[in-house]
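In: predicted model follows, preceded by the sequence.
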Amino acid sequence: MQGSSSLSATVEYLTAHLRRAQQAEGRADEDPRPVAELMVRVAVSFLLNPASCIEMEDEDQARAFARRYLAPLLDA
């Protein structure tokens, strides 16, 4: 992946966590890196440009968004 080292490091960090979760849940041993990169890029987008029609004013709203839209990526 090209780009900043912080983006790459964050993707690798999340990839390791997703891989451990896959193993703990007995999921297929698929490469979680694409999902990790997508999640990081979505998060960076919200950090750089928080103006949105998506309500994430507090932690509960952010968690609800993650459960509805990001968690399904784990099944991809």
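Out: Ah, there it is.
In: which SSE is residue 8 in?
Out: helix 5-25 (DSSP states H and E).
In: now the helix or strand just after that helix against helix 5-25, angle please.
Out: Per DSSP H and E, the first helix or strand lying C-terminal to helix 5-25 is helix 33-48. Calculated by axes from the mean of the first three to the mean of the last three CA atoms, to 10 degrees, helix 33-48 forms an angle of 130 degrees with helix 5-25.
In: got the CA coordinates for helix 33-48 in CSV?
Out: Extracted C-alpha coordinates of helix 33-48, given in CSV (Å, rounded to 0.1, in the frame of the first residue of the first chain):
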residue,chain,number,x,y,z
ARG,A,33,-6.0,-6.5,5.3
PRO,A,34,-8.5,-5.2,2.7
VAL,A,35,-11.2,-4.8,5.3
ALA,A,36,-8.8,-3.1,7.7
GLU,A,37,-7.7,-0.7,5.0
LEU,A,38,-11.3,0.2,4.1
MET,A,39,-12.1,0.7,7.8
VAL,A,40,-9.1,3.0,8.3
ARG,A,41,-9.8,5.0,5.2
VAL,A,42,-13.4,5.5,6.2
ALA,A,43,-12.3,6.7,9.7
VAL,A,44,-9.7,9.0,8.2
SER,A,45,-12.3,10.5,5.9
PHE,A,46,-14.5,11.3,8.8
LEU,A,47,-11.6,12.8,10.7
LEU,A,48,-10.5,15.0,7.8
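In: what is it packed up against?
Out: helix 5-25 (3 or more CB pairs under 8 Å, 6 or more residues apart in numbering; DSSP states H and E). For the C-beta atoms, the positions are set from N, CA and C on the backbone; glycine is no exception.
In: if we go to 10 Å?
Out: In terms of contacts (3 or more CB pairs under 10 Å, 6 or more residues apart in numbering; DSSP states H and E), helix 33-48 is packed against helix 5-25, helix 59-65.
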